[in-house]
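Engineer: Structure for this input, please:
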Amino acid sequence: MGDGLRTIHVVTTDETLAASARAAALPLGGFEVIVRATLADLLASAPGHNDVVLLDGWLRNSNVYENCRRLSGKLRCRTFVVTEHENNMAESIARFCGATGVLKRPLVPSKLRDAFEALIAPPAALPTDARGQSNGAPTLPEQLLTDIAGKPDLNLVGALTDPETSLFNYAFLNYKLDEEFKRSKRFDQPLACVMLGFEGQVDEHVLRELAGIFLETSRDTDILGRFDESSFLFFLPNTTQEGAAIMARRVGEMATARGLSDLVGDRLVISCGIASTPHADVRRREDLFARTRKAFFEARHEGGGVIAAV
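Structural biologist: Numbers count the residues shown, from 1 in each chain. The predicted structure follows:
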């Protein structure tokens, strides 16, 4: 902008929030507040790297954390979620989805000043990409979340991991299916989806043993999660269906070798279904999941083993 003003872009349809942002910016001097009704309006305005974006956490017909994810990599400026004071989970989830942080209602000059002065931490190093070749102990998803946050963040870990296995939980899997599918399409790279499970019930020791086997046979870039009580869902980026099948068979062999059993003492039989993209019948993320789940049920009906969708 030619007038030298720095801009606070407020994405909201709430005039109360817009008015409080204007009032909070006025004492600071050198700032203007522009209200954007939608994310599309914001992107069309092309904010500069010295600007700040405030996303209304109450924006109707829109999920604010999904908006954070959509903006990630598209804007060079700092992005904050504006939320209610009592929301203690917002900071962790907002940062995880790509935002700089959170501002609590009501907005005041000191909060806006801090937003402009906030420092962005350097990005974490990329994980290694060698499946099953780690030189140290396997990294649990809860540790990866701690690494992403840059410090121990119990709120984030608790919200996104399964307490019995320390693998990712269903909520995170749903988020990652969308993200990994879009990445696969955008960069024209294969993505394998694996559903793996067993019949009956097991104790926590067996669940932990299984989680360890999954980690031993995976790469740091693989997403490993617990789907329900007796099944797990994996997303393997840049992996073909054949590569996923090799991993799945190793899991079954290791479970057998360790003599894992269910609560009544029967040997644990692992069933696995695999699907992948690109594939002519996979146009949406739902197609990839449905094909994987169908193959999983076929494997379970056959009494175990690995079945890949055709």
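Engineer: In the protein, mark out all the helices, start to finish.
Structural biologist: Remark: helices assigned in the chain by DSSP state H are 15-25, 39-45, 64-71, 90-96, 109-117, 141-149, 154-160, 170-187, 204-216, 241-257, 285-301.
Engineer: now those as a markdown table including distance to L196?
Structural biologist: In this view, the C-beta of every residue, glycine as well, is placed from N, C-alpha and C. Formatted as a markdown table, the helices of the chain follow (distance: least, Cβ to Cβ, whole Å):
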| stretch | distance to L196 |
| --- | --- |
| helix 15-25 | 46 |
| helix 39-45 | 37 |
| helix 64-71 | 27 |
| helix 90-96 | 26 |
| helix 109-117 | 44 |
| helix 141-149 | 16 |
| helix 154-160 | 20 |
| helix 170-187 | 13 |
| helix 204-216 | 8 |
| helix 241-257 | 6 |
| helix 285-301 | 7 |
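Engineer: out of these, deepest packed?
Structural biologist: Counting by mean count of other Cβ atoms under 10 Å, helix 90-96 has the highest mean neighbour count of these, with a mean of 21.
Engineer: which stretch among the helices of the chain comes nearest I307?
Structural biologist: Nearest to I307, of all the helices of the chain, is helix 285-301, at 4.2 Å by Cβ to Cβ.
Engineer: Check what contacts the closest one and list those residues.
Structural biologist: Outside of helix 285-301, the residues within contact range by Cβ atoms under 8 Å, 6 or more residues apart in numbering are 177-178, 181-182, 191, 193-197, 199, 231, 233, 271-277, 279, 281-282, 305-309.
Engineer: how about 6 Å then?
Structural biologist: 177-178, 181, 193, 195, 271-273, 275, 277, 282, 305, 307, 309 (Cβ atoms under 6 Å, 6 or more residues apart in numbering).
Engineer: follow-up on the earlier one: indicate which one of the helices of the chain is closest to L54.
Structural biologist: L54 lies closest, by Cβ to Cβ, to one member of the helices of the chain: helix 15-25, at 6.5 Å.
Engineer: Give me the contact list for the closest one.
Structural biologist: Under the criterion Cβ under 6 Å, 6+ apart, residues I8, V10, T12, F31, V33, V35, D56, P106, L107, V108, P109, L112 lie in contact with helix 15-25.
Engineer: could I get these as a markdown table with pLDDT?
Structural biologist: Output for those, formatted as a markdown table (pLDDT from 0 to 100):
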| residue | pLDDT |
| --- | --- |
| I8 | 92 |
| V10 | 94 |
| T12 | 93 |
| F31 | 84 |
| V33 | 92 |
| V35 | 95 |
| D56 | 92 |
| P106 | 85 |
| L107 | 89 |
| V108 | 87 |
| P109 | 88 |
| L112 | 80 |
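Engineer: now, which of those residues sits nearest G98?
Structural biologist: D56 (16.6 Å).
Engineer: coming back round to it: if you rank the contacts of helix 285-301 by neighbours, which is first?
Structural biologist: C193 (31 neighbours; other Cβ atoms under 10 Å).
Engineer: got a pLDDT number for the closest residue to that residue other than its chain neighbours?
Structural biologist: Leaving aside its chain neighbours, C193 sits nearest to T292 (4.3 Å; criterion: Cβ to Cβ, 6 or more residues apart in numbering). Per-residue pLDDT puts T292 at 97.
Engineer: Least confident of the helices of the chain, on average?
Structural biologist: Ranked by mean pLDDT, these end with helix 141-149 in last place, scoring a mean of 53.
Engineer: related to what we said a few turns ago, need the max-distance pair from the contacts of helix 285-301.
Structural biologist: Among these, the pair separated by the greatest distance (Cβ to Cβ) is D178 and G305, at 29.4 Å.
Engineer: and stretch 263-272, how far out from the chain's middle?
Structural biologist: Taking the mean of its C-alpha atoms, stretch 263-272 sits 30 Å from the chain's own mean (Cα atoms, centre = their mean, to the nearest Å).
Engineer: Can you list the buried residues in that stretch?
Structural biologist: L268, V269, I270, S271, C272 (16 or more other Cβ atoms under 10 Å).
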